[in-house]
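Chemist: give me a 3D structure for the following:
(2 chains)
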Amino acid sequence: MARHVIVGGGTAGWNAITTLRELDQGDSEIVLVADETPYSRMVLPYYLARDIAESHVYIASPPKLAALNVDARLGARAERIDASAGKLILEGGDEIEYDNLLIATGSSAVKAPVPGADGKNVHSFWTFPQARAVASGVGEGARVAMIGAGFIAFTILNALVNQGVKLTVVELESRILPRMIDDTGAGIVQDWLNERGVEVRTSTQVTSIEDKGDAKLLKFKEGPDLEVDLVIMATGIKPNIDWVAGSGLETNQGILVDEHCRTNVENIYAAGDIAEGPDAVTGEKVVHAIEPTAMQHGRVAAANMAGQEVAYKGSLLMNIVDVLDMEIASFGAWDDADAEVFEAVRPERPAYRKLLFHGGRLTGAIILGKTREIWTTNDVGMLKGLVYTGVDILEWKEHLRENPFDVKRAFLASGAAGGLLPETVLGRPSISAHEIAISS
Amino acid sequence: MKILKIIPEKCTGCMRCELACSYEQTGTFQPSKAVIRVSAFEGHTSYAPYTCPQCDEAWCLTACPVEAIGISPAGAKDVADDICVGCKLCTIACPYGTMFYDIDTHKAFKCDLCGGNPACASVCPTDAIVFEEADKTDWVGPFAAERAKSPAGPLAGVL
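Modeler: Numbers count the residues shown, from 1 in each chain, chains lettered A, B, ... in the order given. Take a look at the predicted model:
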């Protein structure tokens, strides 16, 4: 019986487990090595908002893992890989032999190298323990500084503001959400935040974080000091690849994988934030540290580990975040200087659209507008469908140049739906994880 | 398994399906909360209803980080409101544009085939929407594409 060893119990690892069991009904050994009980990072902002209980955050409880016949080594950490012997060596010296190994050890938050960044009440927001630390420090009237105005920062903005936090967002670059939207979009969002009592300081570099009694005092290269009760550092993440050094795996920013999520070693796979795999639009290898990529990587890797030959079309960069009832989403190569760009702003609503074309192909998009309005058109999914399939919509291009808000008919006429319908990653209809039947 | 088969050539654009859908789903006549939507082509001379094709890949279901989306006895991908946290991942994962978000309930919502008796099909006066055994196919695409390829080009079909 083949033994699949999975290192890491996040989205990629968990999807690999459910996919393996969906395909083999229990006819393999699965060993999960995870230093924490698996949980869903995606829902941590809702935990911070106190919308959901801690139990809601755990995706794979020990009983659930047991029901899937998984040998779960929770609390264990992988130390290194002996690829020639086909062994994973754990911290403490235990060894696990594998037929297939999946590396899904994710990424870690990186704090900006600022004096005081490791002091008390200065937290990242990436792991469940970090989310707990932030949650215990915020509430009505708390003063919070958010260092970094990227996607992760914005996912928890609602939770903070809606609890009565006095929030100041500080960004080193000249605009907020610098890796998710462009200057025009960022300007609209910044005005929206200012009107709702959130202070935003862009082009601002923190030079130190000091203690001032129980409070924190932030000093900047330019501009007035800022006194707060809590600091959140949302200054980026990096793949957890240090431990695979010396294993013979090819790495760049992450572990390089092909369209099967396979590394340069035949029976070693990587998935999720740690994997650097093909981009659906450009074909280049990239790390897309986003939930949908982790899910798809996990499924594709598992199908191949189970002996199927499943090739992956590549991951699509996409993000969506709701900021105090304004919806912001971007897809694909939205920041491409070589693309033909159509854009329109409706400042009174406000709303913004940006469509990026190469020939007849939509290669990227930004969509921004009031939450209440966005979901009455539902162009969000259609833009995803157009960018992901790369279907030719040349006949609608001139129309979209003048009317970038009128995506729906172009989508319907594109045949994108017809192309997508027969496609399934596993070559058969997906089932819910609740429906997986294990024969024993 | 029965699906919603759409024959756009028969659609008159009466929008009863949108009204019935929103009433069945939310208890109010509010087309903005319908999960079937009618589009106009060629200057409002042709119409096509469009809704979730209940695709086999089930992009919404696989994307959900809390396993809130399952498959109902009627064969519909369905959101469990008590599990959904409203993260909207399903709305960007679904490449069909048929996954919605309700700003009032903070939950994702979609076509659930009304539990096996879809209101849109029941009220359609011309049988442009029927609920029957049929292939999962792109019912609207060819109709919409023909209208885009009219000699005057797609702009001729637009308001």
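
Chemist: could you give the bridge partners of the residue nearest in space to the middle of chain B?
Modeler: What sits nearest the mean C-alpha location of chain B, by C-alpha atoms, centre = their mean, is B:Thr51, with 1.5 Å. Beta-bridge partners for B:Thr51, by DSSP bridges, are B:Ile36.

Chemist: just give the number of residues close to the residue of the stretch 101-250 of chain A at minimum distance from chain B.
Modeler: Closest to chain B within the stretch 101-250 of chain A is A:Thr155: 8.6 Å, counting by C-beta to the nearest C-beta. Heads up, the C-betas are built off the backbone N, CA and C, glycines and all. When neighbours are counted by other C-beta atoms under 10 Å in any protein chain shown, A:Thr155 registers 23.

Chemist: and the nearest residue to it once chain neighbours are set aside, what element?
Modeler: Using C-beta to C-beta, 6 or more residues apart in numbering or on different chains and skipping residues adjacent in sequence, the residue nearest A:Thr155 is A:Pro45, 4.7 Å away. Following DSSP states H and E, one finds A:Pro45 within helix A:44-48.

Chemist: can you list contacts of the longest strand anywhere in chain A?
Modeler: Secondary structure of chain A per DSSP state E: the longest strand is strand A:361-370. Taking C-beta atoms under 8 Å, 6 or more residues apart in numbering or on different chains as the criterion, the residues outside strand A:361-370 that touch it are A:181-182, A:185, A:188-189, A:281, A:325-336, A:339, A:349-357, A:374, A:379-380, A:383, A:386-387, A:390-393.

Chemist: CA atoms only for it - export them in CSV, please.
Modeler: In CSV, the C-alpha atoms belonging to strand A:361-370 read as follows (Å, rounded to 0.1, in the frame of the first residue of the first chain):
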residue,chain,number,x,y,z
ARG,A,361,-7.9,38.2,-24.7
LEU,A,362,-8.8,39.7,-21.3
THR,A,363,-5.6,39.1,-19.2
GLY,A,364,-6.4,41.2,-16.1
ALA,A,365,-9.1,43.2,-14.4
ILE,A,366,-9.8,45.4,-11.5
ILE,A,367,-13.4,45.9,-10.1
LEU,A,368,-14.3,48.2,-7.4
GLY,A,369,-17.6,49.5,-6.1
LYS,A,370,-20.1,49.5,-3.3
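
Chemist: on that earlier part again, measure the residue of the stretch 101-250 of chain A closest to chain B to A:Met146 for me?
Modeler: Per C-beta to C-beta, to the nearest Å, A:Thr155 is found 11 Å from A:Met146.

Chemist: show me the shaky parts of chain A.
Modeler: For chain A, the stretches with pLDDT under 70 are A:440.

Chemist: mind doing that once more with 80?
Modeler: Segments of chain A classed as low confidence (criterion: pLDDT under 80) are A:439-440.

Chemist: and it, what are its domains?
Modeler: For chain A, the structural domains run A:3-108+A:238-315, A:122-235, A:325-420, going by automatic domain parsing.

Chemist: got it, and chain B?
Modeler: B:1-54+B:118-159, B:55-110.

Chemist: coming back round to it: give me the buried positions along the helix holding A:Pro45.
Modeler: Using 16 or more other C-beta atoms under 10 Å in any protein chain shown as the test for burial, helix A:44-48 gives A:44-48.

Chemist: give me the contacts around that helix.
Modeler: By C-beta under 8 Å, 6+ apart, the list of residues contacting helix A:44-48 from outside reads A:52-54, A:56-57, A:125, A:128, A:131, A:134-135, A:138, A:155-156, A:158-160, B:85-87.

Chemist: thinking again about what came up before, can you redo the domains of chain A as TSV with distance to B:Cys55?
Modeler: Formatted as TSV, these follow (distance: least, C-beta to C-beta, whole Å):
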stretch	distance to B:Cys55
domain A:3-108+A:238-315	15
domain A:122-235	27
domain A:325-420	7
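
Chemist: nearest to B:Ala63, out of those?
Modeler: domain A:3-108+A:238-315 (5.7 Å; C-beta to C-beta).
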